[in-house]
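Chemist: below: sequence and its predicted model.
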Amino acid sequence: MTNFLEIEEADRLLFFRYAWPAAAGCVQRAEITKDEVERVAGLIKSGIAPEEKYENLFKVPMAHMTVLAKGKNKIDKEIIRGYFLFEHNEFAEDYCKTYFGTVMQIKEDHAFVETSLGIREYRLDLVHADVHETVIVHRGYVVEKVTEEVTAEINKLKEKYTKK
């Protein structure tokens, strides 16, 4: 059993949107089936946070977020975004980093998103997005739409994480 902090119930869906793109590695390690990955992705896209047991598939982010949450009794959206948008990008390979981008085109369940990497194709299995929306992408997936509220929250985090 692990000693990770719990994720705030209201923020569990956000965690899974950022973490779930790495579920393919869990399939390769036989920790979960491909059918289960697809079923859970459907829950996430529908706005339903998967069962807590799936959090344990993501031991590295859970461990890092537990450390980042020192002084808190739960992991919240500030910690989730702080980890995936700032801490994680410090050590992740380019294909695994999170990027901000603009949706240029939608084709079925894929979005063509322009990021600092250029225009690339990303899956829409976890989030619905429309052309011209600003989004965050991670490991081949659109993981979050960037609203004005999200932008304000991220700007506060940027100040905190760039002062380190």
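Modeler: Arrived safely, thanks for sending. Computed from a predicted model, the values in this text were never measured in an experiment.

Chemist: now the spatially most central residue of the chain: how far from Lys70?
Modeler: The residue lying closest to the centre of the chain (CA atoms, centre = their mean) is Tyr18, at 1.0 Å. In this structure, Tyr18 and Lys70 are 20 Å apart, going by CB to CB, to the nearest Å. Backbone N, C-alpha and C define where each C-beta goes, glycine included.

Chemist: can you pull up the bridge partners for Lys107?
Modeler: Lys107 forms beta bridges with His110, as assigned by DSSP bridges.

Chemist: and Asn3, what is it in contact with?
Modeler: Contacts for Asn3 were tallied using CB atoms under 8 Å, 6 or more residues apart in numbering; they are Thr66.

Chemist: pretty sure Asp109 contacts Arg123?
Modeler: Yes - with contacts defined as CB atoms under 8 Å, Asp109 counts as touching Arg123 at a distance of 6.5 Å.

Chemist: more neighbours: the two, which one.
Modeler: Set Asp109 next to Arg123 and count neighbours by other CB atoms under 10 Å: Arg123 wins out with 17 against 10.

Chemist: pLDDT of the longest helix belonging to the chain, averaged?
Modeler: The helix that spans the most residues within the chain, counting by DSSP state H, is helix 148-162. The pLDDT scores in helix 148-162 average 91.

Chemist: which parts of that helix are buried?
Modeler: Residues of helix 148-162 classed as buried: 150, 154, 157, 161 (neighbour count, 16 or more other CB atoms under 10 Å).

Chemist: chain center to it, what's the gap?
Modeler: The gap between where helix 148-162 is centred and where its chain is centred comes out at 16 Å by CA atoms, centre = their mean, to the nearest Å.
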